[in-house]
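In: Make a model of this:
(one chain, ligands or ions: 1)
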Amino acid sequence: MFQQLPLFILLATTLAPSLAFPSYAQGFEAREGPKAREGPKAREGPKAKEEFEARAAKIVLPTPQAYTGPKKIPDEHHPYRAPGPGDRRGPCPALNTLANHGYLPRNGIASLAELISANTEAFNLGYNFSSGVSALAILGRGNPFLDKVSIGGEHWMVPPLKERIDGVPGGLSKHGRFEGDISMTRQDAAFGDPAVFQPAMYENMLTYVDKFGDGDIVTDTVLAEYRQDIYTTSLANNPTLVWHAGRTGFSYGEAGFILNSFRNSRTGHLTRQEMTTFFTEERFPENWYRRESPLEFADVQRAVAAIRGPVYPAFAGAKNEEGVYVRDSLDNNPYFGTVCAVYYDLLVPNIAGVLLETKGQLRENVDVYLEEMFNLFRPFECPRMEPEGVAGL
Ligand code: HEM
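Out: Next up is the predicted model:
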């Protein structure tokens, strides 16, 4: 998807000078206390859960960081600590790392503002990119009334919406809407839990570093060859493969993230050992420096173009009931062939239309998320879109 994008993007908002995030400087424990990790009973008594659910969240977007250059991560306020019992971790190695260092709440439950702040601060992800992707995460797998999503599986802090109008949110570990097929280190949902890191898949990925890397440096070709291999494998073996335009975009975008956001800006490249630290320990490598500038759509586009060239043909689509892979076309996506196809696929058939029938704070929040997603695609002249998907999936 990203390779069709024009090379200009979204710089204005991310470069706006303003205050950094003072509260993030101290990490979450300092702000919320260790009790933030515990369940409702441990915290406040039996009524805590009901009270929590009654607490609507008004979203306040964070101020963009003032300094957007390289810096050493983590700082002294964000030491690594392995997740404790009850803390949630899921399919995204970056979000897991952020939670293990307290850039995100260590329990793995985060709001839109927390996701934006953590990703922009620690990975120097562009503001619009962070907010658009995080908005999708909460709309699809979180609770928009409470403005919370679990980066892993279900959690009491992210209960279903009232009257379960969209079923159980399930967190980012739940298959569909965000988590999808043909991941690099997680199996397809048809074969088991799609959120858990698979050492054997990662070992296989490392053989591509051996074959196509520049010594122990991870290159475009490593990811291009590896992604092509897992695409053909899933195509051959997964009878229920779903890989529409939105998921295709994310698949390549995530490979681009490895090259561009796990890269150590101090050395200018990503080594095999650094990549292994992110994937297997879910912590920042020693002497690791974040990117020299915020990662924007155009950067992802460039990375994807390198990984998904004409030598590596892969087509968005899904298997039908007969197990035949039907490629995306204008029949299922009116924006097929443009960047807006990704926006359409991520939002219109994917997110529950019932969210538009809500009122009050919930509806206000839904509008914030929709606006953030639109902002991400606005530079490509996509029309503003709204969800029409089925609830409860
Ligand atoms: C803005 C917030 C983010 C959200 C909500 C998010 C969410 C997710 C989710 C749900 C997945 C699973 C998708 C799948 O099925 O493969 C995923 C995968 C991934 N994410 Fe993130 N992510 C975010 C930011 C980042 C950042 C900043 C990086 C890199 C620094 C990153 C790197 C990755 C990688 C490499 C994968 C692929 C793992 C694999 O294929 O095995 N993510 N992310």
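
In: got the phi/psi numbers for the residue nearest to the spatial centre of the chain?
Out: Nearest to the geometric centre of the chain sits Val133, at 6.0 Å (CA atoms, centre = their mean). Val133 adopts backbone torsions of phi -70, psi -40, taken as degrees, to the nearest 10.

In: Who are the contact partners of it?
Out: Leu376 (CB atoms under 8 Å, 6 or more residues apart in numbering). Glycine gets a C-beta too; all of them are placed from N, C-alpha and C.

In: now it: how far from Lys47?
Out: Counting by CB to CB, to the nearest Å, the separation of Val133 from Lys47 is 35 Å.

In: do the same with Glu292
Out: 50 Å.

In: And Val60, by the same measure?
Out: For Val60 relative to Lys47 (CB to CB), the value is 27 Å.

In: swap in Ala118?
Out: 31 Å.

In: count of residues packed around the residue nearest to Arg177 when sequence neighbours are not counted?
Out: Leaving aside its chain neighbours, Arg177 sits nearest to Gly140 (3.5 Å; criterion: CB to CB, 6 or more residues apart in numbering). Other residues lying near Gly140 total 27 when counted by other CB atoms under 10 Å.

In: residue contacts, Gly140?
Out: Per CB under 8 Å, 6+ apart, neighbours of Gly140: 177-178, 350-351.

In: Now do the SS call for it.
Out: helix (DSSP: H, G, I helix; E, B strand; the rest coil).

In: who in the stretch 251-393 of the chain is up against the ligand?
Out: Within reach of the ligand by CB under 6 Å from any ligand atom, the stretch 251-393 of the chain has these residues: 254, 257-258, 261-262.

In: What ranges does the chain have for its helices?
Out: Ranges of helices in the chain, per DSSP state H, are 11-15, 27-32, 40-44, 48-53, 93-100, 112-123, 127-141, 199-212, 220-237, 245-261, 272-276, 297-307, 340-347, 360-377.

In: between Ala118 and Lys47, which one's more packed in?
Out: Ala118 (29 against 10).

In: So for that one, what pLDDT did the model give?
Out: Listed pLDDT for Ala118 reads 98.

In: and the gap between it and the ligand?
Out: Separation of Ala118 from the ligand (CB to the nearest ligand atom, to the nearest Å): 8 Å.

In: ok, Phe123 - contacts?
Out: Taking CB under 8 Å, 6+ apart, one finds 73, 94, 98, 261, 290-291, 295 in contact with Phe123.

In: What separation do you get for it and the ligand?
Out: 4 Å.

In: same question, Arg308
Out: Counting by CB to the nearest ligand atom, the gap from Arg308 to the ligand is 15 Å.

In: With Gly323 instead?
Out: In this view, Gly323 and the ligand are 21 Å apart by CB to the nearest ligand atom.

In: cool, Ile151 as well?
Out: 8 Å.

In: Test my guess that that residue contacts Arg89.
Out: Yes: with contact defined as CB atoms under 8 Å, Ile151 counts as touching Arg89 (6.7 Å).

In: ok, those two, which is more surrounded?
Out: Ile151 (30 against 24).

In: residues contacting that one?
Out: 88-90, 92, 95-96, 99, 104, 108-110, 171-172.

In: In these, find the pair that's most separated.
Out: Based on CB to CB, the longest span within the contacts of Ile151 runs between Cys92 and Ile109 and measures 14.2 Å.

In: Looking at the two, which one has more neighbours?
Out: More crowded of Cys92 and Ile109, by other CB under 10 Å: Ile109, with 26 against 23.

In: tell me, how many neighbours does the residue lying closest to the more buried one once chain neighbours are set aside end up with?
Out: Spatial nearest neighbour of Ile109, excluding adjacent residues (CB to CB, 6+ apart): Met157 at 4.7 Å. Counted with other CB under 10 Å, residues neighbouring Met157 total 22.

In: tell me the contacts of Tyr344?
Out: 245, 333-335, 382, 385.

In: Please render the residues of the stretch 251-393 of the chain next to the ligand as a markdown table that adds pLDDT and neighbour count to the earlier fields.
Out: Output for those, formatted as a markdown table (pLDDT from 0 to 100; neighbours: other CB atoms under 10 Å):
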| residue | pLDDT | neighbour count |
| --- | --- | --- |
| Glu254 | 96 | 21 |
| Phe257 | 96 | 21 |
| Ile258 | 96 | 22 |
| Ser261 | 97 | 22 |
| Phe262 | 98 | 23 |
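
In: Looking at the residues you listed, spot the one nearest Leu362.
Out: The closest of these, once distances to Leu362 are taken by CB to CB, is Glu254, at 30.1 Å.

In: The closest one is in contact with Met184, isn't it?
Out: Yes: if you go by CB under 8 Å, Glu254 and Met184 touch, sitting 7.1 Å apart.

In: Excluding residues flanking it in the chain, which one is nearest Leu362?
Out: In space, Leu362 is closest to Phe145, 4.4 Å off (CB to CB, 6+ apart).

In: so the one you found touches Gln361, yeah?
Out: Yes: with contacts counted by CB under 8 Å, Phe145 reaches Gln361, the gap being 6.7 Å.

In: if we can go back for a sec, which residues are in contact with the residue nearest to Leu362?
Out: Per CB under 8 Å, 6+ apart, neighbours of Phe145: 56-57, 161-162, 361-362, 365.

In: Just the buried ones from these?
Out: 57, 161, 361-362, 365 (16 or more other CB atoms under 10 Å).

In: and these, which two are the farthest apart?
Out: Every pair of the buried ones among the contacts of Phe145 checked by CB to CB; the farthest is Ala57 and Leu161, at 12.7 Å.

In: low pLDDT regions in the stretch 1-150 of the chain?
Out: Residues of the stretch 1-150 of the chain meeting the criterion pLDDT under 70: 1-46, 48-50, 52-53.
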